[in-house]
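Participant: just the structure for this:
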Amino acid sequence: MEKMKVRELMRPTDEFPRISNQATFMEAVAALEKADLEFKSGKAPERILLVYDGAGNIVGKLSPMDVVQGLEPNYANIDDLKATPYYQLIRMWHRPLGELCKKAYSVKIHTFIKMPTSDHIVKADDKMDSAFHLFIVNRHDSLFVQDGSYLVGLIRFSDVYKKIREIITSCPSPTQDSSRDV
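Facilitator: Presented below is the predicted three-dimensional model:
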């Protein structure tokens, strides 16, 4: 696996459902639900919802957590909020939930979707140790794969683990090795 490149385990972007960054909250919720249902029924190989821009380029991914976080714009400054007392958080959420229906039809996902950062991207021709490092240090469940300046796929931790498991389970047991030496 030392010589394996990210490209060998990545899944190309065309395997994933997509949504425009101009879609509304309501469309995002519906698209997430559809992706989940199609995945669970076996009609789609993936449930991760990729976001594309006006030029058709992948610019990120959308999860239920992104939708909930997008309801409260103050979560954009998450590091500042880690020190906020609990009682202030309750006041912060009071208004956004009351405006949920209005937001669902008017707010576009490009206003809250986060572009992937360098700790979430590997190059297609990187060796797998680059992906291992980012998976372990940042605890991501998937990484974007970049070829040139374009995001061309995702590498999922579950696929990496599956490959590791296949290698480990194909190893001979110590008792088999010792019988060969005799």
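Participant: wait, residue 20 touches residue 49, no?
Facilitator: No - assessed by CB atoms under 8 Å, residue 20 is found out of contact with residue 49, at 11.1 Å. Every residue, glycine included, has its C-beta placed from N, CA and C.
Participant: mind checking which of the two has more residues around it?
Facilitator: Between residue 20 and residue 49, counted using other CB atoms under 10 Å, residue 49 has the larger neighbour count: 22 against 17.
Participant: check the gap between the closest residue in space to that one that isn't next to it in sequence and residue 163 for me.
Facilitator: In this structure, residue 49 finds its nearest non-sequential neighbour in residue 62, 4.6 Å apart by CB to CB, 6 or more residues apart in numbering. Shown here: residue 62 relative to residue 163, a distance of 27 Å by CB to CB, to the nearest Å.
Participant: which of those two has more neighbours?
Facilitator: residue 62 (26 against 15).
Participant: run a quick check on that one versus residue 110, I expect a contact.
Facilitator: No - look at residue 62 against residue 110 with CB under 8 Å: they stay out of range, at 10.7 Å.
Participant: who touches both of those two?
Facilitator: Shared contacts of residue 62 and residue 110 (CB atoms under 8 Å, 6 or more residues apart in numbering): none.
Participant: the helices in the protein, which residues?
Facilitator: Counting by DSSP state H, the segments of the chain that form helices are 6-9, 25-40, 64-71, 78-81, 86-98, 100-106, 128-138, 157-169, 174-181.
Participant: what about the third one, distance to the chain center?
Facilitator: What that stands for is helix 64-71. 14 Å (CA atoms, centre = their mean, to the nearest Å).
Participant: got a list of what the residue nearest to residue 49 touches?
Facilitator: By CB under 8 Å, 6+ apart, the neighbours of residue 62 are 19, 28, 31, 32, 49, 50, 51, 109, 113.
Participant: looking at the protein, which helix or strand is least sure?
Facilitator: Between all helices and strands in the chain, the lowest mean by mean pLDDT, DSSP states H and E belongs to helix 78-81, at a mean of 52.
Participant: what about residue 169, neighbour count?
Facilitator: Residue 169 has 7 neighbours, counted by other CB under 10 Å.
Participant: try residue 47
Facilitator: Neighbourhood size, residue 47 [other CB under 10 Å]: 16.
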